[in-house]
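Trainee: coords below, sequence missing:
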């Protein structure tokens with residue numbers, strides 16, 4: 001068998017196909033109008049005809065096809081090679097999120113006990129935490145990770161910046177998971193504060209690390 005012809009993310013292709021078949025099977029049982037957006041109180045503030053579910057079910061296929069095609073271009077091939085672990089995880093997490101964004105609204109309208117707020121919050125939290133865990137593996141580049149011309153100038157500054165960014169994403173992810181499980185407005189506010197204040201602190205420290213690195217030269 002020519003393994004070169006097997007898509008790199010074949011498990012996600014299989015899940016996407018199963019998802020599309022699932023949408024076809026439940027389509028007739030769905031209400032004519034499906035929720036497509038929730039406000040900050042997790043109330044539905046936008047709806048669309050259920051046929052939109054087919055378009056959303058196709059998004060994972062489009063994303064996966066793009067991920068298969070992009071490495072044929074030299075710039076993206078080098079980026080994937082240099083950041084294999086983080087890049088692969090980003091692909092998997094993004095594809096999985098696209099799949100869940102199809103099924104969370106469907107489960108929300110079909111199962112009265114299903115909590116959309118909890119599902120979305122936990123999903124986002126897990127995705128951020130997973131990506132944060134892989135950030136320290138990212139090598140210096142212009143496209144991926146905590147970016148800034150001063151950050152790329154010194155390898156030591158880059159490593160510290162990606163590690164700090166990873167801690168921030170993990171912290172935000174855990175905050176979102178806890179907020180979703182408890183459905184606490186206080187914890188949602190805390191999660192937002194973690195992200196906003198964390199970003200400010202991370203970039204402030206990158207400048208400090210850069211200045212220290214410059215003095216050592």
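Mentor: Here it is on my side, so go on. These figures come from a predicted structure and were not determined experimentally.

Trainee: what about the helices in the chain?
Mentor: 10-26, 52-69, 74-82, 84-110, 116-134, 149-153, 155-182, 185-216 (DSSP state H).

Trainee: TSV for the ones you listed, including mean neighbour count, mean pLDDT and distance to residue 33?
Mentor: (Each C-beta comes from the backbone N, C-alpha and C, glycine too.) Formatted as TSV, the helices of the chain follow (neighbours: other CB atoms under 10 Å; pLDDT from 0 to 100; distance: least, CB to CB, whole Å):
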stretch	mean neighbour count	mean pLDDT	distance to residue 33
helix 10-26	15	93	15
helix 52-69	17	88	10
helix 74-82	13	67	39
helix 84-110	18	88	10
helix 116-134	19	92	15
helix 149-153	15	88	46
helix 155-182	20	94	25
helix 185-216	14	92	27
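
Trainee: can you tell me which of the ones you listed is nearest to residue 43?
Mentor: helix 116-134 (9.6 Å; CB to CB).

Trainee: nearest residue to residue 58 in space, please, no chain neighbours.
Mentor: Nearest residue to residue 58, sequence neighbours excluded (CB to CB, 6 or more residues apart in numbering): residue 20, at 7.2 Å.

Trainee: residues in contact with the one you found?
Mentor: By CB atoms under 8 Å, 6 or more residues apart in numbering, the residues touching residue 20 are 54, 57, 58, 61.

Trainee: state the distance from it to residue 94.
Mentor: According to CB to CB, to the nearest Å, residue 20 and residue 94 sit 17 Å apart.

Trainee: can you list the domains in this structure?
Mentor: 9-114, 115-217 (automatic domain parsing).

Trainee: returning to what we had before: want to throw the helices of the chain into a markdown table with distance to residue 34?
Mentor: Output for the helices of the chain, formatted as a markdown table (distance: least, CB to CB, whole Å):
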| stretch | distance to residue 34 |
| --- | --- |
| helix 10-26 | 11 |
| helix 52-69 | 6 |
| helix 74-82 | 35 |
| helix 84-110 | 6 |
| helix 116-134 | 12 |
| helix 149-153 | 42 |
| helix 155-182 | 21 |
| helix 185-216 | 24 |
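
Trainee: quick one: closest of those helices to residue 39.
Mentor: Residue 39 lies closest to helix 116-134 among the helices of the chain, at 11.1 Å (CB to CB).

Trainee: what angle do helix 155-182 and that closest one make with each other?
Mentor: Here the directions of helix 116-134 and helix 155-182 differ by 160 degrees (axes from the mean of the first three to the mean of the last three CA atoms, to 10 degrees).
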